[in-house]
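1. build me a structure from this.
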Amino acid sequence: MRRFLTAFLVLSMALMAVGGGIGVAEEARTIGYIMGGPELWQQTQMEAAQHACATVGYDFVSLNSDYTAEKELSNAEDLISKGVDAIIMFTVNSETGQQVAQMCNEADIPLFLLDGAIAEGPGKAVTTVAFDFSEIGRAVGEYISVAHPGEKAIYITGLVGAGIVEAYVEGLYGALSNGVEIVAQQAADWDRAKAMAVAEDIIASGAEFTVAFVNNEDMASGVILVLEENGLSDSVAVVATGGSDDGIRMIQEGKLAATIAASPAYESAVVVRAIVDYFAGVPVPEHIVTPVMTITADNLDDAVSFAINDNILKLTGLME
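-> Purely as a prediction, here's the structure:
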């Protein structure tokens, strides 16, 4: 936890040092936002960006890709045709992300990425603001290895292809120790219903496990229901990522053993700050990594707010 708090304070101080509190932006602009999908994380991230933009006087328009590459491209085309001043995008697919970057570059519209990545190519984004998903996977691996040594686990992932799950996998498997074994891994595309179906299939296969790592708290809530329906809730510890109000509540209720808290609101505030700095001529790093922390019943009060609030706006210099 000390490592998280140190990283959080260092990032906040660095943002403040770049330009201090900015107040209202000098020029009215319109920011286009391309959501990856419809679930709580994406919705919270979008709403936080919208609130942050309103705080500095930017207009805001958002579109949803519904986790399809085709809609990602059409959404970018739509925003470019509207003549927005900048685009924020949660990348659904790295290859289409590269195409979007090329389109934005040709239209002279700066592109700011939230999470994910774009494939190698001529298209460039101004910056990528993201959690270190490998670090999140590592934190999960370390937690399971210490709390459940010698046990068998399953891993229900998010959507493969944007680089996020791939980073989770790298960190998770690199950190597992003490005889912990992943006996099943399957994608559920950040979708609660799919996660429930995957859990049902794994249970029906006869796989034995006592730990389930589920890639977000919405999917985890569905997996918890499946475990309860199959009489396994008392024998399987569920670990997730997010730090949402629902995740905190599930930990309080003893349904979720741990979650790796990563505030989408803080991340969105950071990307809006990067946009303001860009238009002010302040150098913006190519990559901005935002901190995460492991939350259990022992440190619930230390979680950074999942949703946007004035404290996050002040930490990122968007509010005095």
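
2. low pLDDT regions in the stretch 1-150 of the chain?
-> For the stretch 1-150 of the chain, the stretches with pLDDT under 70 are 1-26.

3. all strands of it, in order?
-> For the stretch 1-150 of the chain, strands defined by DSSP state E, counting those that start in this stretch occupy the ranges 30-35, 59-64, 86-89, 111-114, 127-131.

4. what sits up against the third one?
-> Taking contacts as C-beta atoms under 8 Å, 6 or more residues apart in numbering, the residues outside strand 86-89 that touch it are 29, 31-34, 49, 72, 76, 79-80, 97, 100, 104, 109-114, 268, 271-272, 275, 278-279. Yep, even glycine has a C-beta here, placed from its N, CA and C like the rest.

5. which one is residue 164 nearest to, not counting chain neighbours?
-> Of all residues not flanking residue 164 in the chain, residue 133 sits nearest, at 5.1 Å (C-beta to C-beta, 6 or more residues apart in numbering).

6. for the one you found, give its distance to residue 185.
-> For residue 133, the distance to residue 185 equals 15 Å [C-beta to C-beta, to the nearest Å].

7. of the two, who's got more company?
-> Shown here are residue 133 and residue 185; by other C-beta atoms under 10 Å, residue 133 has more neighbours (28 against 17).

8. was I right about that one contacting residue 169?
-> No - assessed by C-beta atoms under 8 Å, residue 133 is found out of contact with residue 169, at 9.3 Å.

9. ok, of the contacts of strand 86-89, which come out buried?
-> Among the contacts of strand 86-89, those buried by neighbour count (16 or more other C-beta atoms under 10 Å) are 29, 31-34, 49, 72, 76, 79-80, 97, 100, 104, 109-114, 268, 271-272, 275, 278-279.

10. can you list contacts of the strand or helix carrying residue 154?
-> Per DSSP states H and E: residue 154 is located in strand 152-157. Defining contact as C-beta under 8 Å, 6+ apart, one finds that strand 152-157 is touched by 144, 165, 168-169, 172, 180-188, 195, 198-199, 202, 207-215, 219, 223.

11. using PDB, list the CA coordinates for whichever helix or strand comes after that strand.
-> Using DSSP H and E, the helix or strand that follows strand 152-157 towards the C-terminus is helix 164-175. Taking C-alpha atoms only, helix 164-175 is exported to PDB below (Å, rounded to 0.1, in the frame of the first residue of the first chain):
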ATOM      1  CA  ILE A 164      -4.800  -5.200 -21.800                       C
ATOM      2  CA  VAL A 165      -5.500  -8.900 -21.100                       C
ATOM      3  CA  GLU A 166      -2.100  -9.800 -22.600                       C
ATOM      4  CA  ALA A 167      -0.400  -7.500 -20.100                       C
ATOM      5  CA  TYR A 168      -2.500  -9.000 -17.300                       C
ATOM      6  CA  VAL A 169      -1.400 -12.500 -18.300                       C
ATOM      7  CA  GLU A 170       2.300 -11.500 -18.400                       C
ATOM      8  CA  GLY A 171       2.200 -10.000 -14.900                       C
ATOM      9  CA  LEU A 172       0.000 -12.700 -13.400                       C
ATOM     10  CA  TYR A 173       2.000 -15.700 -14.500                       C
ATOM     11  CA  GLY A 174       5.300 -14.000 -13.800                       C
ATOM     12  CA  ALA A 175       4.300 -13.400 -10.200                       C
END
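
12. pLDDT of helix 164-175, averaged?
-> Across helix 164-175, the average pLDDT comes to 96.

13. mind listing what's buried along that helix?
-> 164-169, 171-172, 175.

14. what's the answer for stretch 46-57, then?
-> Using 16+ other C-beta under 10 Å as the test for burial, stretch 46-57 gives 46-53, 55-56.

15. mind putting the residues you listed in TSV, distance to residue 84 included?
-> Formatted as TSV, the buried residues of stretch 46-57 follow (distance: C-beta to C-beta, whole Å):
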residue	distance to residue 84
46	15
47	18
48	18
49	13
50	14
51	18
52	16
53	11
55	18
56	15
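
16. between the residues you listed, which is nearest residue 158?
-> Checking the buried residues of stretch 46-57 against residue 158 with C-beta to C-beta, the nearest one is residue 46 at 17.2 Å.

17. ends of stretch 182-202, how far apart?
-> Stretch 182-202 has an end-to-end distance of 12 Å (C-alpha to C-alpha, to the nearest Å).
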